[in-house]
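Below are the sequence and a predicted model; questions follow.
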Amino acid sequence: MDESRDTIGRASVNGITLAHQSFGDPGDVPILLVMGLGTQMLGWPDEFCALLAAAGHHVTRFDNRDVGLSTHLDELPPGQPVSAFLGRRPPYRLTDMAQDAAELIGALGHASMHVVGLSMGGCISQVLTLEHPHRVRSLTSMSSTTGSRRVGRPRLDIARRMVAQKPAATRAEVIELALTNWRQTGSPGYPFDEHRQRRRAALSYDRCYDPAGGARQFAALLAAPDRTAALAGVGVPTLVLHGEADPLIGVSGGRATAAAVPGARLVTFPGMGHDLPEALWPEFVAQIGRTVAQGEADRA
């Protein structure tokens, strides 16, 4: 993980600036990767992006609003996740984050892209597909949920510790706290790569440490309505990937998502938690590639 800021592009969209980075041949089939709660684009490892690119895709990852090198909305009220869950209006909504992504697709020079979202990024990608269907060629929802409060409901205690806990005081404390969180949510069936995760935590801190931004994102997530009924209107090829040992968003969230979208394919993985185990990267790439190919065939 050796990010150079010289390779980071910036796009003015929806009244903010989004930082983004691409991998592969610009002439290849485009994929947009949407990351989850409080997590920078680095959550999509360089090597994973390179694998997707080597399979014939032009891959773009980006920092959502309020994380990393994208705009931080410090002028907005603080995020209050519990109040948002109980119905109070958050500083912004998932629809705003989906609008960001829709405009980014245009700013990248595409009429549409294949969209892959992880965790909250899956929720954003679902909203993007529902509200901006002309921008989405296919949808892959990973480790995510429909927004239902009955199935696949996020473990609020774990999520709150990740983004709404008391900020750490030093760089070293931030790194150790990130490692603790990742160990809690990671895959029990696969090795925990402490060296890789420590480097990612350090780089994330050095890019921008902003727990207040994560709290605003969390409020947006908890304020989102149940999308189950609306997902019946999704008209693009859809893939749902989920870990069977996910401690943050149970596998019922993936099953509910697949059941809600007509014709969706569901693939679950024993021993996988709420992360991207390196051993599964080739299978993720193969499954995503199959869905992308279906989307391209539908456009022909």
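The structure has been received and is ready for your questions. Numbering: from 1, shown residues only.

and Phe23, what does it touch?
Phe23 is in contact with 46, 49-50, 52-53, 58-61, counting by Cβ atoms under 8 Å, 6 or more residues apart in numbering. Where you see a C-beta, it was placed from the backbone N, CA and C, and this is true even at glycine.

If you could redo that for His134, that was the one I meant.
111-112.

And it, how close does it get to Gly250?
To Gly250, His134 is 33 Å away according to Cβ to Cβ, to the nearest Å.

Could you count how many residues lie near Val261?
27 (other Cβ atoms under 10 Å).

Hmm, I typed the wrong one, I wanted Val151.
Look at Val151: counted by other Cβ under 10 Å, it has 18 neighbours.

Correct me if wrong, but it is in a strand.
No: the assignment for Val151 by DSSP: H, G, I helix; E, B strand; the rest coil gives coil, which leaves it out of any strand.

Wait, it touches Gly254, no?
No: taking Cβ atoms under 8 Å as the definition, Val151 is not a contact partner of Gly254, at 9.7 Å.

Could you name every residue contacting both of the two?
Shared contacts of Val151 and Gly254 (Cβ under 8 Å, 6+ apart): Thr145.

just the buried members of the contacts of Phe23?
49, 52-53, 58-61 (16 or more other Cβ atoms under 10 Å).

By mean pLDDT, flag the weakest helix or strand of this protein.
Lowest mean confidence among the helices and strands of the chain (mean pLDDT, DSSP states H and E): helix 156-163, at a mean of 60.

Quick check: nearest residue in space to Leu266, chain neighbours excluded?
Distances taken as Cβ to Cβ, 6 or more residues apart in numbering place Ala258 nearest to Leu266, at 3.7 Å, with adjacent residues excluded.

Specify the local secondary structure of the nearest residue to Val174 once chain neighbours are set aside.
Distances taken as Cβ to Cβ, 6+ apart place Ala168 nearest to Val174, at 4.4 Å, with adjacent residues excluded. Under three-state DSSP, Ala168 falls in the coil class.

you'd agree Ala168 is up against Thr180?
No: between Ala168 and Thr180 there is no contact under Cβ under 8 Å: 10.6 Å.

more neighbours, the two?
Set Ala168 next to Thr180 and count neighbours by other Cβ under 10 Å: Ala168 wins out with 16 against 12.

What residues does the more buried one make contact with?
Contact partners of Ala168, counting by Cβ under 8 Å, 6+ apart, are 174, 176-177.

give me the low-pLDDT residue ranges for the protein?
Residues of the chain meeting the criterion pLDDT under 70: 1-6, 152-167.

Can you check which helix is longest in it?
The single longest helix within the chain, with elements called by DSSP state H, is helix 281-299.

Hmm, Thr95 and Ile124 touching each other?
No: judged on Cβ under 8 Å, Ile124 makes no contact with Thr95 at a distance of 9.2 Å.

What ranges does this protein have for its strands?
With DSSP state E as the definition, the chain shows strands at residue ranges 9-13, 16-23, 29-34, 57-62, 113-118, 136-142, 238-243, 265-269.

Just tell me which of the ones you listed ends up closest to Asp298.
Across the strands of the chain, Asp298 has its closest neighbour in strand 136-142 (7.9 Å, Cβ to Cβ).

so what does that closest one touch, helix or strand wise?
In terms of contacts (3 or more Cβ pairs under 8 Å, 6 or more residues apart in numbering; DSSP states H and E), strand 136-142 is packed against strand 113-118, helix 120-131, strand 238-243, helix 281-299.

buried residues in the last one?
Counting neighbours by 16+ other Cβ under 10 Å, one finds that the buried residues in helix 281-299 are 281, 284-285, 287-289, 291-292, 294-295.

so how far is it from its chain's centroid?
Computed by Cα atoms, centre = their mean, to the nearest Å, the chain-centroid distance of helix 281-299 equals 18 Å.

I would like the C-alpha coordinates for that helix, written out in PDB, please.
Extracted in PDB, the C-alpha atoms of helix 281-299 (Å, rounded to 0.1, in the frame of the first residue of the first chain):
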ATOM      1  CA  TRP A 281     -10.000 -11.900  -3.700                       C
ATOM      2  CA  PRO A 282      -9.700 -14.200  -6.800                       C
ATOM      3  CA  GLU A 283     -13.300 -15.500  -6.100                       C
ATOM      4  CA  PHE A 284     -14.600 -11.900  -5.600                       C
ATOM      5  CA  VAL A 285     -13.000 -10.800  -8.800                       C
ATOM      6  CA  ALA A 286     -14.500 -13.800 -10.700                       C
ATOM      7  CA  GLN A 287     -18.000 -13.300  -9.300                       C
ATOM      8  CA  ILE A 288     -17.900  -9.500  -9.900                       C
ATOM      9  CA  GLY A 289     -16.500 -10.200 -13.400                       C
ATOM     10  CA  ARG A 290     -19.400 -12.500 -14.200                       C
ATOM     11  CA  THR A 291     -21.900  -9.900 -13.200                       C
ATOM     12  CA  VAL A 292     -20.100  -7.200 -15.100                       C
ATOM     13  CA  ALA A 293     -20.100  -9.400 -18.200                       C
ATOM     14  CA  GLN A 294     -23.900  -9.900 -17.800                       C
ATOM     15  CA  GLY A 295     -24.400  -6.100 -17.500                       C
ATOM     16  CA  GLU A 296     -22.300  -5.500 -20.600                       C
ATOM     17  CA  ALA A 297     -24.200  -8.100 -22.600                       C
ATOM     18  CA  ASP A 298     -27.500  -6.500 -21.600                       C
ATOM     19  CA  ARG A 299     -26.200  -3.200 -23.000                       C
END
